[in-house]
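3D, please:
(4 chains)
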Number of protein chains: 2
Amino acid sequence: MPHADKAQPVFRALADPTRRAIISMLADGARPIADIAAEFQMTRPAVAKHLAILRDGDLIRVEPRGRERINHLNPRGLKTAARWINLFDRFWDDRLGKLKQVVEEKS
Amino acid sequence: MPHADKAQPVFRALADPTRRAIISMLADGARPIADIAAEFQMTRPAVAKHLAILRDGDLIRVEPRGRERINHLNPRGLKTAARWINLFDRFWDDRLGKLKQVVEEKS
DNA sequence: TATTTACGAAACCTTTTGGTATCATGTCAA
DNA sequence: TTGACATGATACCAAAAGGTTTCGTAAATA
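Residues are numbered from 1 along each chain as shown, chains lettered A, B, ... in the order given. As a prediction, this is how the structure comes out:
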C-alpha cells in the first residue's frame, strides 16, 4: 500500500446511523455516556462501543470529570471528511449538466 | 420512525477505501467495470459488488454501451453527504466553538 | 465504612461485509 | 455461425460489525 488512508477511521465512524445520531446529539452539548445511551434502544456497552469508534475517527473527545466521562464533539474529525468530499466540488458545478445529458441521451 | 435516513446508503458506500478509490478514479473519467477492476488486487465480481453499493448510494450512474457498461461519477450522491456534514459547519469556527464552551460552563 | 453510581473490559452470539470461484447471458467480430 | 469478450448472478466462506450479558473497579454518597 502506498500510504495509509487517513480518512478511513472517519468514514468508518460516519457509516453507522447510530453514530451519526450521536454526533448530532453532541452538537447540542457534551454529555456523559449513560446520558447518551438513554436516548437509544440499546444497552450502554453498545453505545460505549460506538463512542470508541467515534473517538478512533477523532470525531469526539473525552473529558474525564470525576467518575463521569464527558463526550465532546470534535469538529476537526468532521473536517477531515469534508475535505475529502470537497475534492469533488468541481463536479457539482460544471459537470453536473453534462453528465445528465450523456445519461439521458442513451436512454 | 420520523423519516428514513436518506444519507445512510451514501455514508455506507463511502465507508470502504476501495469504493472511495473508485470514486477518485471515476472523477478522472467514466470507465467500464473490467477497466476499473484492473486497477485493484481483487477479482472483477468483488469490484462489481462495490459498484453496486456505490450505485445504491447514488454515487455513480451506469450507461450501457454495447456490451460494456460505463460507470460515471454522480456528483449528487456526494452532495448528499456534504450537506449532512455541513450541518456542523458552525463548529469549525474556533471562536464560535469557544463561545459555546463558555456558555455551557455557565449552565 | 458500606453502598450506590458511572464506567471499562471481556466473552459470546448473530448478521453483515468483502472477498472468492463458477456459471449464464448478451454482444461483437471473424 | 462460431467463438471470444464484457458483464450479471449465484453460492459459498472468513472476518468484521453490532449487539448482548456479565463482571471488575474507581468515585461519590448515605
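
Quick one: residues in contact with stretch A:55-75.
For stretch A:55-75, the surrounding residues in contact (CB atoms under 8 Å, 6 or more residues apart in numbering or on different chains) are A:9-14, A:19, A:22-23, A:26-27, A:30-33, A:36, A:51, A:54, A:76-78, A:80, B:88, B:91-92, B:97. All C-beta atoms are positioned from the backbone trio N, CA, C, and that covers glycine.

Please flag which of those sit within helices.
Those of the contacts of stretch A:55-75 mapping onto helices are A:9-14, A:19, A:22-23, A:26-27, A:33, A:36, A:51, A:54, A:76-78, A:80, B:97, per DSSP state H.

out of everything not next to it in sequence, what's closest to the residue nearest the centre of chain A?
Nearest to the mean C-alpha position of chain A, by CA atoms, centre = their mean, lies A:L14 at 3.4 Å. Nearest residue to A:L14, sequence neighbours excluded (CB to CB, 6 or more residues apart in numbering or on different chains): B:F11, at 5.0 Å.

and that neighbour, what does it touch?
A:F11, A:L14, A:A15, A:R20, B:G57, B:A81, B:W84.

need the contact list for A:M25.
Taking CB under 8 Å, 6+ apart as the test, what A:M25 contacts is A:R31, A:I36, A:E39.
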